[in-house]
Each structure stands twice: as structure tokens, then as C-alpha cells.
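Enquirer: I would like the atomic coordinates for the input below:
(4 chains, ligands or ions: 4)
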Amino acid sequence: MKLGPSRFLGRRRPREYAGGGRKAAVQLYHVSKSYTAGHYALRDVSLEFGRGEFVFLTGPSGAGKTSLLKLIFAAERPSEGQIVVLGRNAPRLGPAATPPLRRRIGVVFQDFKLLPRRTVEENVALALEVVGAPRRDNRAKVFAILKQLGLQHRRFHHPLSLSGGEQQRVAIARALVNEPEILLADEPTGNLDPELTVEIMDLIAQTSTRGTTVIVATHDYGIVNRYAKRCVRLEGGRVVEDAPAHGATP
Amino acid sequence: MKLGPSRFLGRRRPREYAGGGRKAAVQLYHVSKSYTAGHYALRDVSLEFGRGEFVFLTGPSGAGKTSLLKLIFAAERPSEGQIVVLGRNAPRLGPAATPPLRRRIGVVFQDFKLLPRRTVEENVALALEVVGAPRRDNRAKVFAILKQLGLQHRRFHHPLSLSGGEQQRVAIARALVNEPEILLADEPTGNLDPELTVEIMDLIAQTSTRGTTVIVATHDYGIVNRYAKRCVRLEGGRVVEDAPAHGATP
Amino acid sequence: MSRAAAQLASFLRAALRGITASPLTSGIAIATIGVTLVLLGAFALLVANMERMLDDVGDALHVTAFLEEGLAPEAQRELASKAATVEGVASVRIVSKDEALARFRGGVGRGAALLEGLSENPLPASLEIGLADGYRSASGLARVSGSLDGLPGISDLTSGQDWVEGYLRAIALVRGIGWGLAVILALATLLIVANTIRLAVLSRRDELEILALVGASRAYVGTPFLLEGLIQGAAGGVLALLLLYAVFRLVLPGFEFGLELVLGGVAPRFFTASEAALLLAAGSGLGLFGAAAALASESRP
Amino acid sequence: MSRAAAQLASFLRAALRGITASPLTSGIAIATIGVTLVLLGAFALLVANMERMLDDVGDALHVTAFLEEGLAPEAQRELASKAATVEGVASVRIVSKDEALARFRGGVGRGAALLEGLSENPLPASLEIGLADGYRSASGLARVSGSLDGLPGISDLTSGQDWVEGYLRAIALVRGIGWGLAVILALATLLIVANTIRLAVLSRRDELEILALVGASRAYVGTPFLLEGLIQGAAGGVLALLLLYAVFRLVLPGFEFGLELVLGGVAPRFFTASEAALLLAAGSGLGLFGAAAALASESRP
Ligand SMILES: Nc1ncnc2c1ncn2[C@@H]1O[C@H](COP(=O)(O)OP(=O)(O)OP(=O)(O)O)[C@@H](O)[C@H]1O
Ligand SMILES: Nc1ncnc2c1ncn2[C@@H]1O[C@H](COP(=O)(O)OP(=O)(O)OP(=O)(O)O)[C@@H](O)[C@H]1O
Ligand SMILES: [Mg+2]
Ligand SMILES: [Mg+2]
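Expert: Numbering: from 1, shown residues only, chains lettered A, B, ... in the order given. Ligands and ions are numbered 1, 2, ... in the order given. Reported below is the predicted structural model:
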């Protein structure tokens, strides 16, 4: 009899996120994240991003944007709450199941995270190799995406000999080359000039029309306004605004 | 007789940059920089920045902005041309004379370059310690600048546990804490939200009114327009525009 | 199958790139492994050659059974063949009274010429009894002596046993110290090589992290690192073998005379092919182990 | 002065932070240094103790001069004192005919009881002549023998010289091999320790670069790294000393009997305080050297 209540609790949980989500790419249920005791980077965040949806994530510095993206691709585990990504319980995945999920997600890291010992081409090809794609096909794909980003003449350089904006574009190329189901881009245009920003945001927007769920964390209200997509605003770890898309692409 | 021409050439050079420059903080004479043979990151750049001047450096990704800043604080040597910084022939300084020059220059690196093993406080204090300032005074100064940048509550954290914008502000704090004679800031607000950007650019602008020469490389035309300062535009390594300040600060 | 081969080739390429990308770190690691294996190998050679010398000394060990005075040569021969059947006896040789005197003279030097005046040879005939392999120890010696003691015609057995016992113990100790040191050296090698590889790998932990973030499986991340450790270890092993062989061929012959004295006429030998292979395998194994340890200490989901 | 002290304190703090910030790397470095120094130290102890034993063996070396038959005890004593003045002679002892017979009996064992029946003792009296320090070699032996040969009353000198020569050479070789191995081991230690520190430092080259960019002088950048190497080296040295002492105190006594046989009654000794200090200094010096080498290979203006 004493075991009763906890049993019920045990049963209740799965139900809470069992249904729905067929068309959702990412679902967060009451997610909190605390790195250091007493301080929350995210607090009770519940969000759902559909397949093929394009979402901006905004908010002041330290609001929790990067933390939210890290939770989605299982680089961190939530302190509380549930996260379902592409139908899988992301934080519960073991070391063997995490890589396959990550391969379906392209990430543009805020600090790029390029391998300094590999050339631009190799860095981009990494996302394909990891999947086990044959080498021959890779070269063509890598060249194509580098060309789209205006980097084809830099493909044999090493990241440390690139300008900041060039490095950022390599990071974007690596995230896009694999045609991921979800694209997470953390401040992807912070080092790019306005013209390039528009070009690259257009490229990213295109992928969403091809079915990729795109989540872009940014401070640049210029592009947020330009694309008029759904915009989630975080402040102090909480969702303070979730404005739906308001109109067609410009 | 055969030695004549080269002798003349030898004599002509010093004259070219001997005079003037008393009030100039940075002078570049026909500077070119090529990292790899046949490709120039900078090409025949001649510029002069006065003491206390505030200059924006703009241009597309890969235009050579970072390269120019690197030449000024002697992280790279020009392939051709002369550079005089605070009255010293920067590229000709030996390993013993370079550090003292660098201590008079504050730099905000595009990729922050924080020491991952030291706390925020220690990273900022570094700029003071390097000069040999006594520890006691340092703490107060460091706390003051961190507070101005809204980071006082993060001072015992390590850089890797900070958000992108927080890291950027630490880099700014380190560059400012020493009240340098020259401040070089490479894309200092790329990871900051608009409100913070204004706050911090105001702070940087202040230092220039106190006599610091400030050179800010940026893509953000919002702030370039807002401050209406001198703006040098690079493209493909060449100076394509040098617009003087046009009016009072907003 | 061809896909697996392609995969392996790409892993190998990644491993080689890892090695060549930081030549200083790799060079240091390989040099350290090489030097350590040289130490281990040199010591193993020393102990192996010493073992052979000790075997030789063991061959020289024997029990002397003095025979009763006046035993006829025929009876001596009979006794000898009887002694040969005793357990632990490998060989029996008869030393006649004359031979004993000759030996004695040789031992005391020219001064022994004084013995010439003697009317009678005072020394007894004896049997020199060699010991079988398992009996070259103090206890074996005592067992053989005990069995021989009862035989009729034998008046006495060498009471030099105390000395022999001490001698045998000393040899056992030398052998023990030798192998003990070899084991310690092997353990030290293990630690040093494994740690060197670990340090070399640790300096690239950010690379590991980035690969994991991009969705690389553990095998994809780990295999090139393991291969790298293996290759570095093997390279260190090759280096060690070359160095040892050079010393063996070029330096040792200069000491030939001295060596003969120490090794007692046993020609020094180098590693056999399989022993050399073992050294290589040890290097590779250690490299692999070090890389695996480094990987384990870094691995996250 | 107080400013310099403050500076040093801040360097020390930076060095300690460097060590504690990457405990794994530092731990590996210290362990490697410790193990290497244990090897070197153990070998040094072995060689030092062997040296003492060899000295003892040297003491036992002597020339035997057989005396002419019928020399009166007084004449024998006179001859002995004359022999003592010969260059290279350290001690002279008279062995009488009776003593020679007693020794002979002891050597041949109970079988020598057969000698009882002899009417006359066939063995000559002799002088046992000890050699001075510089003469414990084959050539010294020959020189002393030559000088003694002319003395009246001496009938013969030990012709065992061949054997002694070989023995002495063998000892010289053992000594040579011992010291040779010690030198090789020392060089290997140098390489391993210096390289370990280098690897540990190399893993932080980006830190060096950033410090330089912020305007740190070479001294500011380098001193903490050098101190770090020094501290790691010293820590490795302490570790090695503790390990060696533990083995010496806890393990060796179990082998007391065997040791006595090998060292010939010489009690094994541990390092003296100054030798221990030398080992520590070696560790620290190697650490410093490794850090300096790493720094040099990384330094830019
Ligand atoms: N170390 C290097 N080795 C080789 N090429 C380099 C190196 N650093 C920069 N370059 C090249 O020089 C050019 C100018 O680079 P720089 O970093 O100055 O550009 P930038 O104006 O700062 O661009 P961004 O806005 O993208 O940061 C680029 O094409 C870049 O690839
Ligand atoms: N690994 C960590 N350990 C401790 N605290 C962390 C860690 N990562 C982030 N934080 C803290 O969590 C909060 C949210 O960080 P996050 O990186 O998510 O912010 P952000 O919205 O991406 O900010 P920015 O726009 O500046 O990049 C910050 O206050 C940050 O200091
Ligand atoms: Mg962020
Ligand atoms: Mg730049």
C-alpha cells in the first residue's frame, strides 16, 4: 500500500509525452537546466517545433539560447523535464545511440568548433564521413556547398588561416552539407557583413522549405524582421514571447 | 657610380616616415600583407590614426580587417611597407621590445582568446599583472570594469562556462582594464544583443574621449551610423573609402 | 568487405594525419618509447645471456666421491656404473690416484714440485659425478649425496657442500635479481610508454570533443587514436630494435675478450626473430594500451 | 626586494595552478619521472653496493710466495719484513707448513684424512702478500711478483697469475658494464623526463600564445612554465626516493641471506643524504630542462 503513490507517478510520466509529436521535430516539456546549484540557465521551458518549421530564438546575452540548443542535440542533459527530438528521448540516449541522433542534426556552433588540423574541405566532409558516406560522392557535395558559401578557393586552407567570417561559413557548410533533418544555428551571422548575412540566411531559409526544421539563435533583429518567421524570445532562462510567423517570406 | 641609385633608395626611405607623427598613434605607409604567395590580405594600405581618434573599420568578410589590426599590435609583420605605432617601428621590434608595446595596446580579439584555465577575474587581471601592477590595486579595477560590463556575478567562473556574449564582454574588459593608449576591437559586439551593444559601444566611445585611440572593426552598420565617426572601408585588402567623422556623437 | 577496407584505410589515413600533424609531439612520443624499449631489450639480452652462462656453470657442478684405498680398477668401473643409475646423476667420471696428484700439483703451482720426493701418492681415487638438470640446487645436491653415501666402496663424499650450497644460492639470487629487475623494468616501460601516448593524445582532447559533437560514433572517434598509439608504439619498437642491433654489431665486438671472461666462453647472442617480434608487439601493445587509457579518461556520450 | 618576492610568489601560484588545473597530465608526468628515477636510483644503488663488494674482493687478492724448504722461522720473519718494503705490497702474512697442511685438509674434505699416515708434511711454508690499492690489477700483480722474485729464500711465486689476471679483467668488465648501463640509463632518464615535461607543456601552447599576445614578457610567460617543470621534476624525485626507500626497508631484509652471499658480508647501504639530494636535484634539473626545451620550441617574438 505504501508503494502506491510512487507507482502511480511512475506510470503517469510516460503518458505525459507518449501521444502526439508525429509531426513535431522537437518537443520540450517543462525543461529546466542548471549548471551551478541555485542558478538556472533555463527555467520551465515548454516548446514544440514542427518538422520544416523555421524559428528564431532571441534574447539578451546569457538568456539561455545556446543552452537550449545544446539540450536539443544532447550535448547537455536537462536538470528537469523531458525532451523528445525526432521521436527519441534525447537526454536518455546512451553513448551508442547519441551519435546516430546527432548525425540527423546539423549544428552551427557559436564558436565554430572547427578541427584546426584539417583543411576546410576535410572539416566539411567530416559531417558526411561520420555517416559513412563513400568518399567519392562527398567531394562533389562538399565543393557544391563551399561554392554556395563563397569559400571554394579556400578549401585547402586550414581554419586558423581563415578570417572570422570565413570560419563561420565553414561551420555553416559543415552543418548544411549533410542535409540534416534539424538545423541548429547559434548566432550564424555574427561575423558576417550584411550582404553575406542575407545570402546565407536565404540559404538557410531554403533548407527549411525542403523540410528541415531550422532553429536560429540570433541577436540580429534585422534578419528576424526580414524573414518574419516564428520568433521565440528568452529572458533569464524563461520563454517571455513566442510570436508566430506573420506573413510570407520577403 | 654603379652603387648610386640603390644608395639613393636607401636614403630616401627614412625620410618618407621621419617627419610628423607626433600626434599620430598609428601610421601605415604602403603596407601590404601576404600570407600565401600570390594572394594579398592587404595591399598598399596607407593610413594614419591620430591620438584619441575613434575609427570604424568595415568591409566584407575576408577584406583584411583582422590582418590590419594584427599588424598594428605586431602579431604579424607586413610583407611590405612601414608601420609606426606609438612612435615605434612595430614590425622591427625584437622579442624583448614587443611586449612593452603590446601592453600599451588593448585588443578585443574576434575569437576572444581567453585563458580557459583561469577565472574571469584572473583573465581580466592578466592585462594588469603583465604590466607588473601590484595585486591589491588590481582587484578593485577588475571589479569596476566587470561591473560596468554586467559581469560582476560571473567573476569566479571559467570562460568555458560562460555564454558567447559573456565571453565577449570578458575580452572587452581585459582590453579596457589597463586604460590602454590604443584600443583595437575586432567585431566586439558580434555576440551581443542590441541593447548591450549600445551600452558597450558607449563605454568604448568614452575611452576615446579620454585620449585612447580606438579602432573598431565591425560589420554592424547600425553602430557605424549611430556614432558617425571616421569610417575606413576595406575591400579585397585595399582601402576603398575613408569617410571622416560627420557630426557630433548621438 | 570493400567498404570495411575503405573504412580501415580512412582510419589509417586519419591516424597518420594525426601523427604528421604534430610531428614534435609524435617524435617525442616515439623517441621515448624507443629509449624505454632499448632499456628493456638490453636488459632482456643481458639476462638471457647470463642465463646461458649460469647453465654452463651448472654443468661444471659435481659431487666428488672419494673411493676406498686399494679398490681395483674393475671394481671402480663397476661402482661408477652403479653410481650412474642413481636418480639425479647425469654423468660419472673416474679420477684415478695419478690424475688426482697431477691436478693437485697444478693447483699448488710450481711449489708442488716438492711433492716429488714422496714414496707414495697420498691422494685417493674418486668419482666425479655430474648432476642432472633438476638437481643443480642445494637440496638436489643433498639428495644425490644421500643416495650415493650408502654405496659400498665409497669412503667419503665432498664435504665442500657448504660452499656449493652458498654458491648455488648466490647464483639463484643473481638470477632472481636479474629477472626481478627485468620485471620492474617491464612494468616501468609499460607505465612510461602508456603515459607518453596518453600525454600525446590528451593534447588533442578538443578534437575528440568536436568529433563527438558532430555525431561521430565512438568507433569513428576512437579507432584513429588507437591506431595512432599502435603505430607510435610500433615505431618506437622498430627504433629500439635498430639501436640494440647497432650496439650489438658495432660496439660489443670491441669487448670480445672481456665478454668471454664474463660469459665463460659462451658467444653472446642477439634476439631470435620471434623475440624481436615480441619486442615489436610489446611496443605496439603498449601504444595501443596508452591510447585506450587516454580515450577512456576522455570519453563522454 | 619585496616586489621581487611578490613576483616570485605570483609565478609560483601560476605554476601550481598550471599543475592543479590539469591534474591528469601533471600526475602522468610526475609518475613517469618518478618511475624513471626509481630505475636510475635502483641501478645506482646496485652499482654502488657492487663497488663495495668488489673492493672487498680486491682486499682478498694476494700473491703467494713459497719459501725454500728448511728456512728457519727467524729467517722467514726477516724475509717477510723485507717483502713488506717492496713497492706495491700492503701486507705480508707468514703461512707455516702446518697451517698450509691444515688448509689443504680443509679444502679436500674428509677424504684428506688419508694424509694422516704421512711421515712428513709435503707442503711448503709461504708468505701471503696483500697488494696495495693501485696494484690490484694484472699489471700491478706482475710488477709486484717481479720485484719479489729476486728475494733470496723464495723458491717460487703463485703461478695462478693467469687465473688472477682473468679474474681481475672480469671484475673490471662487470664494473664497466655496470657503469656503462648506469650512464645509458641516466641518458634515457634525461630523455624520458625532459620529453614528458615537454609533452605536458606542449598541450598548453595556446596558453603561451595568448599570454604573449596580451603583452606578457618572455620572463612572465616562461617562468611559471619553468617552475612547473621544476616542481614536477622534484615531485617525481621525491616519489622515486620514497619508493626506493620503501623497497630498501621493507623488501630487501627478506633476502638478507642471499644478499650476504652476493655482497660478501657487506651490509647493503642506502643513499647518503647528499646522494639523495643529488637524485632530487637531477629530477628538478631534468624537469627544468624539459620545460625550457618545450618553451624554446614554442617561443615567438
Ligand atoms: N594566417 C593566415 N594564413 C593565410 N591566410 C590568412 C591568414 N589570416 C588571414 N588570411 C586570409 O587573409 C584574408 C583577410 O583575412 P582577415 O582575417 O584579415 O579578414 P577580415 O576582414 O578580418 O574578415 P572577417 O570579417 O571575416 O573576420 C582572408 O582571405 C584570409 O583567408
Ligand atoms: N557550462 C556552463 N557552466 C556553468 N554555467 C553555464 C554554462 N554554460 C552556460 N552557463 C550559464 O548559463 C547562462 C545561459 O548561457 P547560454 O550560453 O545559454 O546563453 P546565451 O543565450 O547563448 O547567451 P549569448 O547570447 O551570450 O551566447 C549564462 O548565464 C551562462 O553563464
Ligand atoms: Mg550563446
Ligand atoms: Mg576578422
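Enquirer: thought C:A100 was touching C:E128?
Expert: No: applying C-beta atoms under 8 Å, one finds C:A100 not in contact with C:E128, separated by 10.4 Å. C-beta: built from backbone N, CA, C; applies to glycine.
Enquirer: ok, the closest residue in space to C:L40 that isn't next to it in sequence - contacts?
Expert: In space, C:L40 comes closest to C:T189 once its chain neighbours are excluded; the distance is 4.8 Å by C-beta to C-beta, 6 or more residues apart in numbering or on different chains. Contact analysis of C:T189 by C-beta atoms under 8 Å, 6 or more residues apart in numbering or on different chains lists C:T36, C:L37, C:L39, C:L40, C:A282, C:L286.
Enquirer: residue nearest the centroid of chain A?
Expert: A:L184 (1.7 Å; C-alpha atoms, centre = their mean).
Enquirer: can I get the helix or strand it falls within in PDB? Just the C-alpha atoms.
Expert: Assigned by DSSP states H and E, A:L184 belongs to strand A:182-186. Extracted in PDB, the C-alpha atoms of strand A:182-186 (Å, rounded to 0.1, in the frame of the first residue of the first chain):
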ATOM      1  CA  ILE A 182      17.100  19.600 -38.000                       C
ATOM      2  CA  LEU A 183      19.500  22.600 -38.300                       C
ATOM      3  CA  LEU A 184      20.500  24.400 -35.200                       C
ATOM      4  CA  ALA A 185      22.400  27.700 -35.900                       C
ATOM      5  CA  ASP A 186      23.800  29.600 -33.000                       C
END
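Enquirer: returning to that earlier point: so what's the residue nearest to the centre of chain A scoring on pLDDT?
Expert: Note on A:L184: pLDDT of 97.
Enquirer: which residues does it bridge with?
Expert: Bridge pairing for A:L184 (DSSP bridges) gives the partners A:V107, A:I215.
Enquirer: where do the helices sit along chain A?
Expert: Ranges of helices in chain A, per DSSP state H, are A:4-18, A:65-72, A:98-103, A:120-129, A:135-148, A:164-176, A:194-209, A:221-227.
Enquirer: run through the residues of chain A sitting next to ligand 4.
Expert: Contacts of chain A with ligand 4, taken as C-beta under 5 Å from the ion, map to A:S163, A:G164.
Enquirer: give me the distance between whichever residue of chain A sits closest to ligand 1 and chain C.
Expert: Nearest to ligand 1, among the residues of chain A, is A:G165, at 2.5 Å (C-beta to the nearest ligand atom). Plainly put, A:G165 is 20 Å away from chain C if you go by C-beta to the nearest C-beta, to the nearest Å.
Enquirer: if I pick that residue, what's in contact with it?
Expert: Counted by C-beta under 8 Å, 6+ apart, A:G165 has contacts A:N191, A:L192, A:D193, A:L196, B:P60, B:S61, B:G62, B:H219.
Enquirer: my guess is the fourth one contacts B:A63. True?
Expert: No: with contact defined as C-beta under 8 Å, A:L196 does not count as touching B:A63 (11.1 Å).
Enquirer: so these two - more neighbours on which side?
Expert: B:A63 (25 against 20; other C-beta atoms under 10 Å in any protein chain shown).
Enquirer: tell me the angle of the strand or helix carrying C:A234 relative to helix A:120-129?
Expert: Using DSSP H and E, C:A234 falls within helix C:218-246. Put simply, helix C:218-246 runs at 120 degrees to helix A:120-129, going by axes from the mean of the first three to the mean of the last three C-alpha atoms, to 10 degrees.
Enquirer: buried set for helix C:218-246?
Expert: C:218, C:220-241, C:243-244 (16 or more other C-beta atoms under 10 Å in any protein chain shown).
Enquirer: repeat that for stretch C:202-216.
Expert: Buried, per 16+ other C-beta under 10 Å, within stretch C:202-216: C:L202, C:S203, C:R204, C:E207, C:L208, C:I210, C:L211, C:A212, C:L213, C:V214, C:G215, C:A216.
Enquirer: intersect those residues with the contacts of chain A.
Expert: Near chain A, judged by C-beta under 8 Å from any C-beta of the partner chain, the entries from these are C:E207, C:I210, C:L211, C:A212, C:L213, C:V214, C:G215, C:A216.
Enquirer: output the below-cut-off pLDDT ranges for chain C.
Expert: In the predicted model of chain C, residues C:1, C:50-51, C:53-61, C:104-120, C:122, C:137-138, C:158-175, C:177-178, C:252-267, C:298-301 satisfy pLDDT under 70.
Enquirer: quick check: closest non-adjacent residue to the residue of it found nearest chain A.
Expert: Relative to chain A, the nearest point of chain C is C:G215 (3.3 Å; C-beta to the nearest C-beta). Leaving aside its sequence neighbours, C:G215 sits nearest to A:R102 (C-beta to C-beta, 6+ apart; 3.3 Å).
Enquirer: and the contacts of A:G165 as JSON lines, adding distance to C:D156?
Expert: As requested, the contacts of A:G165 are exported to JSON lines (distance: C-beta to C-beta, whole Å):
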{"residue": "A:N191", "distance to C:D156": "101"}
{"residue": "A:L192", "distance to C:D156": "105"}
{"residue": "A:D193", "distance to C:D156": "109"}
{"residue": "A:L196", "distance to C:D156": "107"}
{"residue": "B:P60", "distance to C:D156": "109"}
{"residue": "B:S61", "distance to C:D156": "104"}
{"residue": "B:G62", "distance to C:D156": "103"}
{"residue": "B:H219", "distance to C:D156": "108"}
